[in-house]
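# pasting the sequence and the predicted coordinates here, then a few questions.
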Amino acid sequence: MTETTRQLSDADLRALEEEYDPEARFRTVTRPVAVMSGVVLFLLSVYHFYTAGFGIPRATTHRGLHMGVSLLIVYLSFSARSRTRHKTDGFAILGVPVMDWVLAIGGAVSAFYVPWIYDQLAFRVGNPMTIDIVMGTVLLLALLEAVRRSMGWPLPVIALAFIAYAYFGRSMPGILVHPGADWANIVNHLYLTSQGIYGTALGVIATYVFHFVLFGVMAQKIGLGQLFIDLATALAGRFAGGPAKVSVISSAMLGTISGSSIANTVTTGALTIPAMIRIGFKRHFAAAVEAASSTGGQITPPVMGAVAFLMVEYLGIPLRTILIAAIVPAFMHFFGVLVQVHLEAKRLGIRGLRQEELPKAAKVLREGWLSVFPLVLLVWMLMSGRTPFLSAFWAITACMVVYLIQRVMAAGVIKGVKETAAGIYEGFVAGGRQSLAVTAAAALVGVVIGIVTLTGVGFKIAFMVTSMAQNWATSLHGLLTVLPFEFFSIQTLTLLFTLLMTAVVCVLMGCGVPTTANYIIMVAVAAPVLGMMNVEPLVAHFFVFYFGVLADVTPPVALAAYAGAGIAGANGFKAGNTAFRLSMGKALVPFVFVFSPSLLLVTQAFTLPDFLLAFAGAVLGIVALSAAITNWLLGPLLRVERLLLPIAALLMIAPEIISTVIGATILGVVVLRQYIARRSDPSPEPAT
């Protein structure tokens, strides 16, 4: 194939990330504002670094301080309109519009207000003063606009819809009707209690997530991300479709330190996507492989896109339990992408990288082993039961020590120390900047959670969904009575329909809403639905989390796929459809671990036989489905084989021994037929 590849500069990649990731659209500011913002962000990172190691202050004070500083910098960093982020419209002070200064100061003051009156809250909650209502209203407006600027319209619209639901409760139809609440009561609940803005979502961001964002930035600075790419290239680059397999493996590794699917796509895709195109993959397929792989980084322990720490708070279980539970589902996702990449490469006859194009694994490890130490230390401390923030403190400290050693060895003692100080300052500023949007989003999600607790709408939605699912299940079961045996019970069908509806809602909510925010909303709205079906809480949380993540590669709002398409010069919608197809493992496995919770390893229902059956069935099912989608197994498929393999896949992922055996038998017959055909014609022409 003779297609040329696009070589993008660092500036091109930054522009691409800005285009598809609103959180990266920082405006150009004057030097005084840049210096002030940098110093404030550095001090914010220093504060969090210190509190991680030496103790966190009172929760409301800690959360209010973090939110107030973040809102101040959000309005200095993000312009009201993305198209004007490189210029200033209207009257400005130091290059920043006056209104932005007003919003920045108003948001910060209203955020600091609650910690300031904390000792009086016991007498104010339920009976707010006028100043409380004013401050709460200011903070709500500041949050809505801050999230709109940094993340776009979807989340503010959702928050406004929930506020409207609370206010106009008496006018709601049917089961959704409720007594309603006036503005004073709404502000009181959202602003002065721990059930709203200052609730769990903001607390997790301020207490856990910030530290791991900072760790990810510092780990990249010491070269850990590049080490992962080089090591994956050395290990997998030589095999069929080598660069695509490098993309999958390096993204899995990078996911251990980064939770942003778009950032991962741009970071690794800048190297892997041109290489995939160069050896013969189509442009949209190369973009899709990188997007699907990078999105998998959000489900990869130990960071998991910050959701792991939210699960700790919501479920009240140790972090190591959640990390262990995430191992097998994450493996299934990357395994599914890897199988499809391999089969596609075989179908097209695409080679791997040549020997001279490959780095030496031994050399990569010998030169970069020191940069792995902070990650190893982090994982060891988390698995040994240390608190997440203390583990992050020592991991960040290790990054700084490694960075000092690297700079001293490269530039000498005096220059190395100066470069280390400058690098740490830059890393702390970058870490603080990357947390701005997610902080504002978490605080605004607190509004949604507060409305759910104020109105009880979560349980009403759960009742509506389960009732609808039961009606559909009863109707389908009646149609299946013509069969000589009962294949599915009404209870199983009801759960299946409930899962399908929940999955669709999670994907739709994830369109334009960040993974963390989507997960928090779905925990409040969708998780109770699964709870009514007696699904174990850990399993329900993983289910809604996985389908929320899937939105990043689900058109029409497949932001990671669009970012990859920008690098590849491909059609974004086509790349999104292909990325969704490559992510079928992520879409299938949640259904498997709902029906067989043993797949999560740490659930109450875990048994080794159940786990082995579910694991084997899921692996074989992914292989069968991948072959049917790709139209290749050991060779091109017959039409009947392409029809039988999806059926076999569905039978094998159903965690029941009879269906698994039937599905495996179908797969075995197809493999045997293909093997015989290959022996008789050992050099079949690749399908085109």
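Sure, I can see it.

# going forward, measure contacts between C-alpha atoms and count neighbours the same way
Fine.

# poorly predicted segments of this structure, please.
Low-confidence segments of the chain (pLDDT under 70): 1-24, 82-90, 259, 305, 480-488, 510-512, 556-557, 655, 681-688.

# tell me the domain ranges of it?
For the chain, automatic domain parsing gives the domain ranges 19-199, 203-438, 607-688.

# so Val535, which state does it fall into?
What DSSP: H, G, I helix; E, B strand; the rest coil gives for Val535 is coil.

# what sits against Ile449?
Gln195, Gly196, Ile520, Ile521, Ala524 (CA atoms under 8 Å, 6 or more residues apart in numbering).

# spatially speaking, which residue is in the middle of this protein?
The centroid of the chain falls nearest to Gln298 when counting by CA atoms, centre = their mean (3.7 Å).

# ok, Pro48 to Ser37 distance?
If you look again at residue 48, you'll see it is His, not Pro. 17 Å (CA to CA, to the nearest Å).

# out of those two, which sits in the more crowded spot?
Higher neighbour count among His48 and Ser37: His48, with 25 against 20, using other CA atoms under 10 Å.

# please name the nearest non-neighbouring residue to the more buried one.
Of all residues not flanking His48 in the chain, His211 sits nearest, at 6.9 Å (CA to CA, 6 or more residues apart in numbering).

# which is the next helix or strand following the lengthiest helix in the chain?
In the chain, assigned by DSSP state H, the helix with the most residues is helix 319-348. Later in the chain than helix 319-348, the nearest helix or strand by DSSP states H and E is helix 361-383.

# now the angle from that next one to helix 319-348?
150 degrees (axes from the mean of the first three to the mean of the last three CA atoms, to 10 degrees).

# so how far is Val213 from Leu319?
Using CA to CA, Leu319 is found at 17 Å from Val213.

# who has more neighbours out of the two?
Shown here are Leu319 and Val213; by other CA under 10 Å, Val213 has more neighbours (27 against 22).

# re the thing from before, any idea which of the domains of the chain is most buried?
Mean neighbour count, computed with mean count of other CA atoms under 10 Å, is highest for domain 203-438 among the domains of the chain, reaching a mean of 22.

# helices or strands next to whichever strand or helix holds Ala560 in the packing?
If you go by DSSP H and E, Ala560 is part of helix 559-568. With contacts defined as 3 or more CA pairs under 8 Å, 6 or more residues apart in numbering; DSSP states H and E, helix 559-568 has these neighbours: helix 10-20, helix 261-279, helix 283-296, helix 572-582.

# need these in CSV with distance to Pro388, can you?
CSV is the format used below for the helices and strands packed on helix 559-568 (distance: least, CA to CA, whole Å):
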stretch, distance to Pro388
helix 10-20, 29
helix 261-279, 22
helix 283-296, 22
helix 572-582, 33
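
# closest one to Gln604 among those?
helix 283-296 (26.1 Å; CA to CA).

# tell me what the helix or strand that that closest one is followed by is packed against?
As assigned by DSSP H and E, the chain's next helix or strand after helix 283-296 is helix 307-315. Applying 3+ CA pairs under 8 Å, 6+ apart, we find helix 307-315 packed against helix 200-204, helix 319-348, helix 515-525, helix 537-549.

# right, and the ones you listed - which one's nearest Ala52?
That would be helix 200-204 among the helices and strands packed on helix 307-315, by CA to CA, at 12.7 Å.

# tell me where this protein has strands.
Remark: strands assigned in the chain by DSSP state E are 92-93, 96-97.

# now do stretch 321-329: everything it contacts.
The contact list for stretch 321-329 (CA under 8 Å, 6+ apart) reads 299-302, 308, 311-312, 586, 589-590, 599-602.

# of all those, which comes closest to Ile350?
Nearest member of these to Ile350, counting by CA to CA, is Lys586, at 25.7 Å.

# what's the neighbour count on the closest one?
28.

# quick one on the thing from earlier: nearest to Leu608, out of the helices and strands packed on helix 559-568?
Among the helices and strands packed on helix 559-568, helix 283-296 sits nearest to Leu608 (CA to CA), with 26.2 Å.

# need phi/psi at Asp30.
One thing to correct before we go on: residue 30 is Thr, not Asp. phi -70, psi 160 (degrees, to the nearest 10).

# what residues are up against it?
If you count contacts by CA under 8 Å, 6+ apart, Thr30 has them with Leu94, Gly95.

# got a list of what Arg81 touches?
So Arg81 contacts Arg149 (CA under 8 Å, 6+ apart).

# could you number the chain from 422 rather than 1 from now on?
Sure thing, new numbering starts at 422, so read that last one as Arg502.

# report the separation between Tyr612 and Thr558.
Distance check for Tyr612 against Thr558: by CA to CA, it reads 9 Å.

# mind listing the shared neighbours of the two?
Joint contacts of Tyr612 and Thr558 (CA under 8 Å, 6+ apart) do not exist.

# the helices and strands packed on helix 980-989: which one's closest to Ile882?
Of those, the one closest to Ile882 (CA to CA) turns out to be helix 993-1003, at 27.8 Å.

# angle of the closest one against helix 704-717?
Using the same axes, to 10 degrees: helix 993-1003 against helix 704-717 is 60 degrees.

# how far out from the middle of the chain is helix 993-1003?
In terms of CA atoms, centre = their mean, to the nearest Å, the centre of helix 993-1003 is found 17 Å from the chain centre.

# that helix - contacts with which helices or strands?
Packed against helix 993-1003 by the contact rule (3+ CA pairs under 8 Å, 6+ apart) you find helix 704-717, helix 740-769, helix 980-989.

# what residues does stretch 824-838 touch?
With CA under 8 Å, 6+ apart as the criterion, stretch 824-838 contacts Lys642, Ile643, Glu840, Thr841.

# just the C-alphas of it, formatted as PDB.
Taking Å, rounded to 0.1, in the frame of the first residue of the first chain, the C-alpha atoms of stretch 824-838 are listed here in PDB:
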ATOM      1  CA  TYR A 824      13.800  13.000  37.900                       C
ATOM      2  CA  LEU A 825      16.700  14.500  40.000                       C
ATOM      3  CA  ILE A 826      18.900  11.500  39.400                       C
ATOM      4  CA  GLN A 827      18.100  11.600  35.600                       C
ATOM      5  CA  ARG A 828      18.900  15.300  35.300                       C
ATOM      6  CA  VAL A 829      22.100  15.100  37.400                       C
ATOM      7  CA  MET A 830      23.400  12.200  35.400                       C
ATOM      8  CA  ALA A 831      22.500  14.000  32.100                       C
ATOM      9  CA  ALA A 832      23.600  17.600  33.000                       C
ATOM     10  CA  GLY A 833      25.800  17.500  36.100                       C
ATOM     11  CA  VAL A 834      25.000  18.400  39.700                       C
ATOM     12  CA  ILE A 835      24.500  22.200  39.500                       C
ATOM     13  CA  LYS A 836      22.700  22.300  36.200                       C
ATOM     14  CA  GLY A 837      20.800  19.100  37.000                       C
ATOM     15  CA  VAL A 838      19.400  20.500  40.300                       C
END
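
# you'd agree Trp893 is up against Leu917?
No - here Trp893 lies out of contact with Leu917, judged by CA atoms under 8 Å, at a distance of 10.3 Å.

# count the residues that sit near the residue nearest to Gly997 when sequence neighbours are not counted.
Spatial nearest neighbour of Gly997, chain neighbours left out: Ala982 (5.0 Å); criterion: CA to CA, 6+ apart. Using other CA under 10 Å, Ala982 has 37 other residues around it.

# now do Ala1008
Residues lying near Ala1008 (other CA under 10 Å) number 19.

# from Gly877, how far out is Pro600?
Using CA to CA, Pro600 is found at 11 Å from Gly877.

# er, Leu951 I mean
Leu951 is 16 Å from Gly877, by CA to CA.

# ok, Ala979 next?
According to CA to CA, Ala979 stands 32 Å off from Gly877.
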